[in-house]
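>>> build the 3D model from these lines:
(chains A and B)
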2 protein chains.
Amino acid sequence: MSQVMKMSRLYAPTLKEDPAEAELASHRLLLRAGMIRKQAAGLYSYLPLAWRSLRKIEDIVRDEMDAAGAQELLMPILTDAELWRESGRWDAYGPELMRLSDRHDRDFVLGPTHEETVTSLITNELKSYKQLPVNLYQIQDKFRDEMRPRFGLMRGREFIMKDGYSFNATQESLQETYDAMKQAYANICERCGLHALPVVADSGQIGGDTSVEFMALADAGEAALVYCDDCGFAADEEAATTSVVVTEGPGDGTLTKVHTPGMGTIEAVAAFFGFPENGTRKSLALIAEDGTPVVAIVPGDHELNEVKAEHLFGTYHLMTDEELQEHGLIKGFIGPVNLPDGIRLVVDECLRDSKKWACGANEEDYHYTGACPERDFVVDEWADLVTVKAGDPCPHCGKPLSGARGIEVSQVFQLGTKYSAAMGATFADENGEEKPFLMGCYGVGVSRTLAAVVEQHNDEHGIIWPVSVAPYEVAVIALDKKGEAFDAASKLADDLAVAGLEVVFDDRAERPGVKFADNDLMGFPYQIIVGKRGLANGTVEVKVRATGERSDIALDEVVEKVASEVKAARA
Amino acid sequence: MSQVMKMSRLYAPTLKEDPAEAELASHRLLLRAGMIRKQAAGLYSYLPLAWRSLRKIEDIVRDEMDAAGAQELLMPILTDAELWRESGRWDAYGPELMRLSDRHDRDFVLGPTHEETVTSLITNELKSYKQLPVNLYQIQDKFRDEMRPRFGLMRGREFIMKDGYSFNATQESLQETYDAMKQAYANICERCGLHALPVVADSGQIGGDTSVEFMALADAGEAALVYCDDCGFAADEEAATTSVVVTEGPGDGTLTKVHTPGMGTIEAVAAFFGFPENGTRKSLALIAEDGTPVVAIVPGDHELNEVKAEHLFGTYHLMTDEELQEHGLIKGFIGPVNLPDGIRLVVDECLRDSKKWACGANEEDYHYTGACPERDFVVDEWADLVTVKAGDPCPHCGKPLSGARGIEVSQVFQLGTKYSAAMGATFADENGEEKPFLMGCYGVGVSRTLAAVVEQHNDEHGIIWPVSVAPYEVAVIALDKKGEAFDAASKLADDLAVAGLEVVFDDRAERPGVKFADNDLMGFPYQIIVGKRGLANGTVEVKVRATGERSDIALDEVVEKVASEVKAARA
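Numbers count the residues shown, from 1 in each chain, chains lettered A, B, ... in the order given. Prediction:
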């Protein structure tokens, strides 16, 4: 039986006003409810209420990890820089990596993740394929020196993460572990009350995904997503691939030059032709990493995807005015027909079957209609170039995609041999041959999950905790400051605790209005209000925080009723 | 129900040989049993078995803290150096403090303790005496850049600590919190299976102790203790105070100069007189911090206590040969009689009633017998100077003290207003007057407790975990690699787990001898050995690791029997 926490003793200094620095609901409410406090930029203390919720999230994570066959350990936060030099990350990581020297001037890293440490840990101890797979995880403070720490717990410099690493002998085994982790992560989100989507972050060459991010949907999210309500597909806008539907341009299919004076934007051209932007073609001139000038074409209403473009062109840049001039291109009127010599033409796959393009004419103040690939110009390469957006068809089922913003709360990732090969971590396979381990890594942002839960579960009065991660499940609110009604409230709190619930008892000498406001702000799922008037009828009032529903329940039935509801709602 | 851990999947790489670097039993056994691994000097990974034990210790700590009214939170490890400058510790702490700068060149500290952070946290939020006392704690990785990290988990550079801080309005309230913490700490030791003594580290001016260290008795301990078996008194040798019993010197009480050629040591003088060393007087010449030359005298068989001497003389040093000469003192023959002018004579209290001293004569090759204070020389100050040792009488009950070595596993400390005054942390008292908080701090070395438990509970075969902190409570060992006996073992493991026990199942394809050795090394409290021969009689063998006791128990009774024993032994 857990003890009843008396609100008069609880360390939860609430704020009456919204703190000015907090933009996000989670940041604002966690501060106001006395659950977190900033110590320095990106550094927060978790006060007792938030810490209870965090521990519940940790326990849900543990439970799912253990059920999936992972084993918990704890590695040091301080990591010898030598390991990071071996892996190459000492130089590659940049200023987000927090570095320090010890008294003997030896370099150390405050681990942002632990691939190096865990790989060094198992090297020469995991020796044979017979011992594999091994899947190890830890829950720990992690460090990342963000340029602009912000949004409270969302993007801090010290944060709590579950990081896990698997060592597998074969791709098949890695895939199995990866799939089990993916399922565990979906379970974790669900048990924490998070509406989250598994978003394909990267499609592997071997078919299927090799990295999935779990995105909690929230307007405050930093990531733009597309997802399918119908089949469950979800992807980062940046990474999604689909067959964008394209409209043919205007005209009868004859290549026709049209005077479009001053119409250097898609918007202007589409308006001029009285045609959807999708029926025009957007031409972007850029210089690839190797110096090749390129014109890349996408449907007029879509954007060139930077990630995909980097994949094709390396570190490219859009042509400057000087470079446009040098290559004979006219800003706002670039197009595939009569393209100057030496420019490589790369076109998005979705335009392959489109035969009537409205596009720039490579001549000041002129566009073409009816431009047709192969007949009027030669495409050097068809490629995936567009940024997918809401309304595009789902690549799996063809239904229109929805758009949303998401908070990345966790990620599963097939690392392959990146670290094991660099660090010489090998095992003997069935034929006695030494091979680098296949590795996977699996991260959950534990403190960020807390913030995401608040982001999804709040209203104008405060936080609305899901029972599974609530700091306390039930608040008993005494309307009177002393006397029989107060004593009855105190006894009820004790009885609820004996029944196995986590109970806070608002015993403070405050007005009822203050108590109601504070308990709403702190977001306890069930509030039981005990006053003289109800007791005269043998009842107390039960308020469900999530729905606002209130009901008078007989005092001698309330423990059983609330206990059964709470227990059913636990994760 | 917890899952059965299969030994074939457990990540616990055992070592056949004793690791060369490990001097202590705990260090050696935790390495050998595959429970910890060194990542760098003073930095260890806790592998799954040790981590399970650590989590149990943490939970015992939490349970006792919560029961004593403390509230758990978590503060950042990274601490803004500004706070440390405010408290003065930035300059005072020295090279053990790990420091770093962020990308904006702001200084930070990796918290070795969190007095500054917690004080800053509550400042302006705890405002009135009505809110007090508040007692906050956290369990966290701490950092201390030890010059020579050693002894495995005993003295690491990153270690797990429970640190707690109380804020009180009055000395009476601080004393109450302090006493509750002291009791909780005693409970924690007991529940972890530690034989530990509460050692008075410092006696306060207000009467009673203001700091107590809990010392786990172990030959490997770094601290020398004296304690009383009879009344429970215990103290650090350095800090203990008692009435040392003194013997009178030889002779009839007449001041007599004796020729003692070359006898410049206590040992030689006592042998010469055929008298116990205690009957002689040891005179030490030193220079006090303010430059005063001092002769300090203690019984011949006791040492001058450096801590007490510093208390009296400031940063003193023993006289060099030059200084002895300058002050007219003769090495080996210093004494109180005929002391050259200008030398201050300070004598231990225990000698106040002794009238027949054997002591140096301040003349080469001569000692006195029968020297008597006041009659033959003037004492400038009587003071507490000696280091107490085994055999001295207990200051409480007078019985002879025992000596032992101890590992400091935890400490309670009354800080008073040290930090609150320096950092301007005040509250309004009953009269509305702003006063600095009275603070206490309370630390438990969680990872060190793990090491201390192993130090106290081991034999030549390995670790002997107390049930309360064992990684698993029961090991089921299958003698056969497959077949019916193996299946019976597997089923028994499941049944034990269903009965609520934490079970490891040794399912490995190893010889029985290897399994027995590994299970003894890992130290699971109960081992159940399942083989064909026993099963033919319907029995399995139960071995109690602590006693070595073995008994054949009927298969259909073993779950109930072992479950009831384990549950009774849980903390």
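>>> doesn't residue A:313 make contact with residue A:383?
No: using CB atoms under 8 Å, residue A:383 makes no contact with residue A:313, being 9.8 Å away. In short, each C-beta sits where N, CA and C put it, glycine included.
>>> and the most centrally placed residue in chain A, helix, strand or coil?
Nearest to the mean C-alpha position of chain A, by CA atoms, centre = their mean, lies residue A:408 at 1.0 Å. Three-state call for residue A:408 (DSSP: H, G, I helix; E, B strand; the rest coil): strand.
>>> could you list the low-confidence segments of the stretch 101-250 of chain A?
A:202-208 (pLDDT under 70).
>>> touching, residue A:404 and residue A:223? I think so.
No: contact criterion CB under 8 Å: residue A:404 and residue A:223 do not qualify, at 9.2 Å.
>>> the two: which is more packed in?
Shown here are residue A:404 and residue A:223; by other CB atoms under 10 Å in any protein chain shown, residue A:404 has more neighbours (19 against 16).
>>> quickly find the element holding the more buried one.
Using DSSP states H and E, residue A:404 sits within strand A:402-416.
>>> for burial, what's the neighbour tally of the residue of the stretch 201-350 of chain A found nearest chain B?
Closest approach between the stretch 201-350 of chain A and chain B, counting by CB to the nearest CB: residue A:222, at 20.2 Å. Counted by other CB under 10 Å, the residues lying close to residue A:222 total 13.
>>> worst-scoring helix or strand of chain A, pLDDT-wise?
strand A:196-203 (a mean of 82; mean pLDDT, DSSP states H and E).
>>> centre of the chain to that one, how far?
9 Å (CA atoms, centre = their mean, to the nearest Å).
>>> ok, then the element right after it?
Using DSSP H and E, the helix or strand that directly follows strand A:196-203 along the chain is strand A:209-217.
>>> same for that next one, what does it pack against?
helix A:171-191, strand A:196-203, strand A:223-227, strand A:234-236, strand A:402-416, helix A:446-456 (3 or more CB pairs under 8 Å, 6 or more residues apart in numbering or on different chains; DSSP states H and E).
>>> ranking these by burial, who's on top?
helix A:446-456 (a mean of 27; mean count of other CB atoms under 10 Å in any protein chain shown).
>>> for whatever residue of chain A ends up closest to chain B, give me phi and psi.
Taking CB to the nearest CB, chain B has its nearest neighbour within chain A at residue A:100, 3.7 Å off. When quoted as degrees, to the nearest 10, the phi and psi of residue A:100 stand at phi -160, psi 170.
>>> who's in contact with the closest residue to it other than its chain neighbours?
Leaving aside its chain neighbours, residue A:100 sits nearest to residue B:100 (3.7 Å; criterion: CB to CB, 6 or more residues apart in numbering or on different chains). Going by CB atoms under 8 Å, 6 or more residues apart in numbering or on different chains, residue B:100 touches A:98, A:99, A:100, A:110, B:107, B:108, B:110.
>>> buried sites along the helix or strand hosting residue A:29?
Secondary structure from DSSP H and E places residue A:29 in helix A:25-32. The neighbour-count check on helix A:25-32 (16 or more other CB atoms under 10 Å in any protein chain shown) flags A:25, A:26, A:27, A:28, A:29, A:30, A:31, A:32 as buried.
>>> could you dump those to JSON lines with distance to chain B and pLDDT?
Formatted as JSON lines, the buried residues of helix A:25-32 follow (distance: CB to the nearest CB, whole Å; pLDDT from 0 to 100):
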{"residue": "A:25", "distance to chain B": "22", "pLDDT": "95"}
{"residue": "A:26", "distance to chain B": "17", "pLDDT": "96"}
{"residue": "A:27", "distance to chain B": "16", "pLDDT": "97"}
{"residue": "A:28", "distance to chain B": "17", "pLDDT": "97"}
{"residue": "A:29", "distance to chain B": "17", "pLDDT": "97"}
{"residue": "A:30", "distance to chain B": "13", "pLDDT": "98"}
{"residue": "A:31", "distance to chain B": "12", "pLDDT": "97"}
{"residue": "A:32", "distance to chain B": "13", "pLDDT": "97"}
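>>> now do the spatially closest residue to residue A:329 that is not a sequence neighbour against residue A:355, distance only.
Excluding the flanking residues, the one nearest residue A:329 by CB to CB, 6+ apart is residue A:285, at 5.2 Å. When distance is defined by CB to CB, to the nearest Å, residue A:285 is 24 Å away from residue A:355.
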